[in-house]
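S.K.: Okay, predicted coordinates and the sequence, questions at the end:
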Amino acid sequence: MSSGETIEITLTDPQAAILNSNADRNLLMMGQGGGKTNTMGNLSYLLSQNVPDVMGLIAANTYRQLTNSTLKEIFKQWASLGFTKYTEANPSGSYVIDRTPPKTFTPHKYIFRDNDSKIYCKNGAVIVVASLDNYMALEGMELGWALLDETEATKEEAVTEVITARLREKGLYKSDGDYPFSHTGTVPVNPLFVFTKPGRVDWLNNYFGIDKYRDEIMLKIFSHTDFFQGGENGRFMVIANAFHNKENLPDNYLENRLLDLTPDEAERLVYGSPFSKTGTEYYSSFEIKTH
């Protein structure tokens, strides 16, 4: 952190891989319970604290998902790092949401008409929060970075036509130091981070070029110790199963999920396979590589 304070963050190997990436476009695809939203909490915390002079975005598909799931888990992870919400009862808190920041906070550099859907941090960082059922509301913004939750249910044009077009605020660079991003450097970057379980749509696979790595991915996703990481053309992917996060889940959670689901559903929702059957194939023995 810029203040010199050291914060310890415990990560699984797939989480560490995505947090160490400074690629332009990043994907963490995991089965349910893999720790995706927890990773969003760690990443948004690190970005806001290390590069506070560019504005970030945290988005989910609906307002209900944003408030009841995404932000709830992000704020929970922030609190575990000592990054708590400022209130009159907690004047040492580090952020506020949907309200004017207190005078003790470092002033931010932006001019807004209102404070709705904005997180203001003590160091002057600003994070916009949004639901993508109204993604056109993001038009006109300039963002430094963006984190998207459960993007398998997001419309393609929301990502490719709107959000990526907003990623153009200057001031964020790839770093050669301990943290992947910095205030200064020679290679500017405006990273997108996508957090999702495998979906029933093709556009996300096509966007990241997942099919090119089919054989390698299928060799690794069933392992409890290994996972896929790689990509090209500014895309970086981490694809892993939920067993990597088993110690942070209730006892027998994953075992019960395997009993609850069909083999095809388990392949997608527990093991994180981007290639599992979707239920739309006509032949019961359908294999995409053959047919």
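M.R.: Received it, and whenever you're ready, just let me know what you need. None of these values were measured; they are calculated from a predicted model. Residues are numbered from 1 along each chain as shown.
S.K.: got the contact list for stretch 197-215?
M.R.: Contacts with stretch 197-215, where a contact means Cβ atoms under 8 Å, 6 or more residues apart in numbering, come from 25, 27, 29-32, 34, 36, 150-153, 156, 159-160, 194, 196, 217, 228, 230-233, 235, 237, 239, 268-269, 272-276, 278, 280, 289. Every residue, glycine included, has its C-beta placed from N, CA and C.
S.K.: Emit the PyMOL select command for whichever of those residues are buried.
M.R.: Buried subset of these, written as a PyMOL selection, criterion 16 or more other Cβ atoms under 10 Å:
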select buried, resi 25+27+29+30+31+32+34+36+150+151+152+153+159+194+196+217+228+231+235+237+239+268+269+272+273+274+275+276
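S.K.: Please list the members of the contacts of stretch 197-215 that lie in strands.
M.R.: Counting by DSSP state E, these place 25, 27, 29-30, 194, 196, 228, 230, 235, 237, 239 in strands.
S.K.: I'd like those as CSV, with distance to Y86 appended.
M.R.: Shown next, in CSV, are the ones in strands among the contacts of stretch 197-215 (distance: Cβ to Cβ, whole Å):
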residue, distance to Y86
R25, 33
L27, 33
M29, 35
M30, 32
V194, 30
T196, 31
F228, 40
G230, 41
R235, 37
M237, 37
I239, 38
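S.K.: Closest one to K122 out of those, please.
M.R.: Closest approach between these and K122, by Cβ to Cβ: V194, at 28.1 Å.
S.K.: okay but that closest one is in contact with T151, surely?
M.R.: Yes: with contact defined as Cβ atoms under 8 Å, V194 and T151 form a contacting pair (4.7 Å).
S.K.: Need the overlap of contacts for those two.
M.R.: Taking Cβ under 8 Å, 6+ apart as the contact rule, V194 and T151 both touch 159, 204.
S.K.: Could you pull out the helices in the protein for me?
M.R.: Secondary structure of the chain, counting by DSSP state H: helices at 13-19, 36-50, 63-65, 71-80, 156-157, 164-166, 203-208, 214-220, 253-260, 263-269.
S.K.: Residue ranges in the stretch 1-150 of the chain under the pLDDT threshold?
M.R.: 1-7 (pLDDT under 70).
S.K.: quick revisit: tell me the one of the ones in strands among the contacts of stretch 197-215 nearest Q49?
M.R.: So of the ones in strands among the contacts of stretch 197-215, ranked by how close each gets to Q49 (Cβ to Cβ), first place is V194, at 21.9 Å.
S.K.: Who does the closest one form a beta bridge with?
M.R.: L27, L148 (DSSP bridges).
S.K.: Who are the contact partners of it?
M.R.: Counting by Cβ under 8 Å, 6+ apart, V194 makes contact with 25-28, 148, 151, 159, 204, 208.
S.K.: Thanks a lot, catch you later.
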